[in-house]
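Colleague: I would like the atomic coordinates for the input below:
(one chain, ligands or ions: 1)
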Amino acid sequence: MKSVSKFRYSQRKINLNKQPIIIAIDGTSASGKSTNSKLIAQQLGYVYVDTGAMYRTLAWHCLQKRIDVHDVKAVAAVCRKWKTELKCVAGDFRSVRLLVDGYYPEKEVRTAETSAAVPHVAAGPKVRDWMKKAQRSCIEFGDLVMEGRDIGTNVFPETDFKFYLDAHLAERSARRAAEGVDEDLAKRDQRDSQRAAAPLMIALGAVIINNSGETPQQTTAKIIAEVKRRMAARG
Ligand code: DC
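Modeller: Predicted coordinates for the structure are as follows:
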C-alpha cells in the first residue's frame, strides 16, 4: 500500500509550463461541480478528481472504526495511519479513486450518515494537510479536472484555470432532491465557508459562473471556451 508520505509531488512547486494542466472547479454544494467536471474531463481527455469523495471516504472510514468525527485529534490520528492508495481508472473518462485497505467505498460514501459526518472531518487542519498532499500527488496521472471547495485557493493556487460555480439555493436544493437526497444545503455551505481551515472561498483570478437555469452542457462549454482562451493567451 502506498502511504501518504510517498505521495510523490506533494511538496514540489509545480511549473505549469512543464507540468500537467490543472482545471480547478470549486463552488457551493449542488452547483454542478461534479457533472461539469466529468463532462470537461470527457471532452478534453483529462483525469477527473473528486476531492469531496476523498473527504467522504475518510468520514466513512471513521464511522466504520467508531471514531468520533467531532474529535479533531482522533480523526487526524486516523489520517496518519490509514492504509490508502490512489488509483486512476478508465471509463467514459479517467478518474482517480482513493482506496482504503484496497477497497473503494463508492456507495457507502453517499449515505446520509456519511454526508452528515463529512463536514466535521473536513474541518480538521491535519486532515486538510493530508488531503492536500494526496490531491497534489494526482498530477502523476496527467492533466486534471479537480473539483472541491479549496482547489483554487489551497490545493493548486498556482493554476491559471480556476472556476467557481454557484446557483440559486432553490435550484441547488431541487437538484439534490431530484437525486433523492434531502439535505440542508444552506447549512452545509455555511459550515464549509466558515471553518477556519481552507474555507470555501472564491479564488483570486477565478471565473465565477452562476449556472442557474443553464444545462450542464452550456456551463461546460463556457468553461472549456475560457480554458482555451487562457491557454491561447499564455502562448
Ligand atoms: O462535494 P461533496 O459534497 O462530495 O463534499 C463533501 C464534503 O467535503 C463537503 O462538506 C465539503 C467538503 N469538501 C471540502 O471541504 N474540501 C474539498 N476540497 C472537497 C469537499
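
Colleague: so how far is stretch 34-47 off the chain centroid?
Modeller: The chain centroid and the centroid of stretch 34-47 are separated by 13 Å under C-alpha atoms, centre = their mean, to the nearest Å.

Colleague: go on, stretch 175-188?
Modeller: Here stretch 175-188 is found 18 Å from its chain centre; the criterion is C-alpha atoms, centre = their mean.

Colleague: What's the end-to-end length of it?
Modeller: 15 Å (C-alpha to C-alpha, to the nearest Å).

Colleague: Which residue ranges of the protein form helices?
Modeller: 33-44, 51-64, 72-81, 112-122, 125-136, 169-178, 185-194, 216-234 (DSSP state H).

Colleague: distance between the lowest-mean-pLDDT helix or strand in the chain and the chain's centre?
Modeller: Every helix and strand of the chain was ranked by mean pLDDT, DSSP states H and E. The lowest is helix 185-194, at a mean of 88. Distance of helix 185-194 from its chain centroid, counting by C-alpha atoms, centre = their mean, is 16 Å.

Colleague: Tell me the buried residues in that helix?
Modeller: Using 16 or more other C-beta atoms under 10 Å as the burial criterion, the residues of helix 185-194 that qualify are Leu185, Arg188, Asp189, Arg191, Asp192. For the C-beta atoms, the positions are set from N, CA and C on the backbone; glycine is no exception.

Colleague: right, is stretch 97-114 up against the ligand?
Modeller: No: figure legend: stretch 97-114 not in contact with the ligand (C-beta under 6 Å from any ligand atom); closest approach 7.9 Å.

Colleague: What residues does the protein have near the ligand?
Modeller: So far as C-beta under 6 Å from any ligand atom goes, the chain lies against the ligand at 29, 51-52, 55-56, 118-119, 122, 148-150, 188, 192.
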